[in-house]
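1. Sharing a model that was predicted from the sequence below.
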Amino acid sequence: MAERPEEERHTPRIVPDADASIAAHRYRYSSSPRVWPLWCLIVLLGLALGGLGYLAWQERQGMLEEIRRLEGQLSNVHARFDAFGDNRTGAVDSLEGQVESLIDDHRSLRQRVEEQERLLDSVRETGIDDSELEPLQQRLNELGEAIDSQKALIAAIRTSLDALERAGEDGRAFLATRLSGFESAQQHHSERLDNMAETLGTLREARDTLRRGQRELEERVDDLPVTDPERLQGLEQELASLTRAVETLEEQRDTDREALEAIRGRLSSSQAQLTELRQNQVALSASLEALRSQ
């Protein structure tokens with residue numbers, strides 16, 4: 001068998017060419033910025049802001065409910081005091097007029113009885129018949145009955161005055177009870193005002209914290225490379241919502257402060273009205289004592 005010539009045999013090359021590259025091709029990729037911590041911070045700030053807003057709303061609702069309850073109590077107390085004062089004033093005036101008229105009638109009757117007695121004595125001394133004295137005696141009896149009826153009426157008026165005085169004492173006891181209730185309510189509202197002041201301080205601190213976080217977020221957003229416009233727009237919207245939430249908290253704080261000032265003014269006016277009612281009760285007691293002494 002014939003052998004192939006050596007020129008046709010090809011042996012593989014072991015040594016590469018000088019211009020051949022022995023290293024693998026490597027592609028460089030730009031690393032994207034990590035924004036998940038920023039999103040976590042935004043979510044945490046949103047949750048904290050929502051919690052603070054819910055707490056402020058709950059406190060505001062409780063304060064408004066307390067204000068409505070106090071307004072109802074004050075209106076009821078004013079209506080009762082007005083009706084009580086009008087009835088007492090009219091009753092005292094009418095009783096004073098009746099007592100004065102009865103006293104005048106009683107004096108006039110006494111004078112007439114004394115005159116009739118003097119007339120009878122003079123008639124008896126002159127020796128007039130009994131038949132002529134019968135009309136005078138009958139008149140004297142009628143006058144005595146009128147005096148007895150006047151005495152009974154005066155006793156009834158005194159009984160009415162005693163009942164009115166007892167009613168005045170009951171009214172004073174009721175006023176004392178209402179005053180103690182108003183004082184306790186005022187103390188409770190003072191405590192609520194202190195708590196609201198502390199809450200406002202906490203809200204201020206939270207607002208400052210949110211503002212600092214907002215500034216940090218703005219700085220971090222400015223430092224981020226402009227690679228994703230949609231993501232940047234979402235961050236800007238989150239920042240705008242945080243800003244609106246901070247403004248809402250400030251408006252709620254101002255509204256709560258105005259409500260607290262209104263409550264303080266109403267409590268002061270109620271205290272002045274109760275002081276005036278106390279003075280009216282003292283004057284009523286003095287007038288009752290004067291009527292009893294008469």
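-> Okay, I see it.

2. Can you give me the separation between Thr199 and His188?
-> Remark: distance between Thr199 and His188 (C-beta to C-beta, to the nearest Å) = 16 Å. For the C-beta atoms, the positions are set from N, CA and C on the backbone; glycine is no exception.

3. neighbour count winner among the two?
-> Taking other C-beta atoms under 10 Å, Thr199 and His188 do not tie; Thr199 has more neighbours (16 against 11).

4. can you tell me the helix or strand for that one?
-> Using DSSP states H and E, Thr199 sits within helix 130-223.

5. Can you report how many residues lie near Ala176?
-> Ala176: 12 neighbours (other C-beta under 10 Å).

6. pLDDT wise, what is it at?
-> Listed pLDDT for Ala176 reads 71.

7. Follow the chain on from the helix holding Thr199 and name the next helix or strand.
-> helix 229-293.

8. now that following helix against helix 130-223, angle please.
-> Using axes from the mean of the first three to the mean of the last three C-alpha atoms, to 10 degrees, the inter-axis angle of helix 229-293 relative to helix 130-223 is 160 degrees.

9. Tell me who's in contact with the residue nearest to Thr248 when sequence neighbours are not counted.
-> For Thr248, ignoring the flanking residues on the chain, the nearest one in space by C-beta to C-beta, 6 or more residues apart in numbering is Gly53 at 7.0 Å. Counting by C-beta atoms under 8 Å, 6 or more residues apart in numbering, Gly53 touches Ala245, Thr248, Leu249, Gln252.

10. buried subset of those residues?
-> Taking 16 or more other C-beta atoms under 10 Å as the criterion, what is buried in the contacts of Gly53 is Ala245, Leu249, Gln252.

11. So Arg34, which state does it fall into?
-> For Arg34, the assignment made with DSSP: H, G, I helix; E, B strand; the rest coil gives coil.

12. What about it, how many residues nearby?
-> 7.

13. same thing with Met63?
-> Neighbour number of Met63 under other C-beta under 10 Å is 19.

14. Wait, it touches Glu258, no?
-> No - Met63 is not in contact with Glu258 according to C-beta atoms under 8 Å; the separation is 11.2 Å.

15. shared neighbours of those two, which are they?
-> Common contacts of Met63 and Glu258, defined by C-beta under 8 Å, 6+ apart, are absent altogether.

16. quick one: pLDDT of Pro225?
-> For Pro225, pLDDT reads 55.

17. Could you report the distance from Ala40 to Gly181?
-> You called it Ala, but residue 40 is Cys. Where Gly181 is concerned, Cys40 sits at a distance of 52 Å (C-beta to C-beta).

18. no no, Ala156
-> As judged by C-beta to C-beta, Ala156 and Gly181 stand 37 Å apart.

19. Please apply the same query to Gly213.
-> 46 Å.

20. same question, Gly50
-> 38 Å.

21. same thing with Leu161?
-> Leu161 is 30 Å from Gly181, where distance means C-beta to C-beta.

22. ok, the two, which is more surrounded?
-> Between Leu161 and Gly181, counting by other C-beta under 10 Å, Leu161 is the more crowded of the two (19 against 12).

23. Would you mind giving me the confidence score for the more buried one?
-> At Leu161, pLDDT is 73.

24. Could you measure from it over to Gln98?
-> Distance, Leu161 to Gln98, using C-beta to C-beta: 11 Å.

25. for Ser75, phi and psi?
-> phi -70, psi -40 (degrees, to the nearest 10).

26. do Val35 as well
-> Main-chain torsions, Val35, degrees, to the nearest 10: phi -110, psi 0.

27. Kindly tell me how buried it is, as a neighbour count.
-> So Val35, with other C-beta under 10 Å, has 16 neighbours.

28. same deal with Ser270?
-> By the criterion of other C-beta under 10 Å, Ser270 has 20 neighbours.

29. Check Leu153 too.
-> By other C-beta under 10 Å, neighbour count at Leu153 equals 15.

30. Now for Arg172, how many residues are close by?
-> Count around Arg172 with other C-beta under 10 Å applied: 16.

31. what's the spacing between Glu205 and Leu52?
-> When Glu205 is compared with Leu52 (using C-beta to C-beta), they lie 10 Å apart.

32. And the two? Which one has more around it.
-> Taking neighbours as other C-beta under 10 Å, Glu205 and Leu52 compare with Leu52 leading, 19 against 10.
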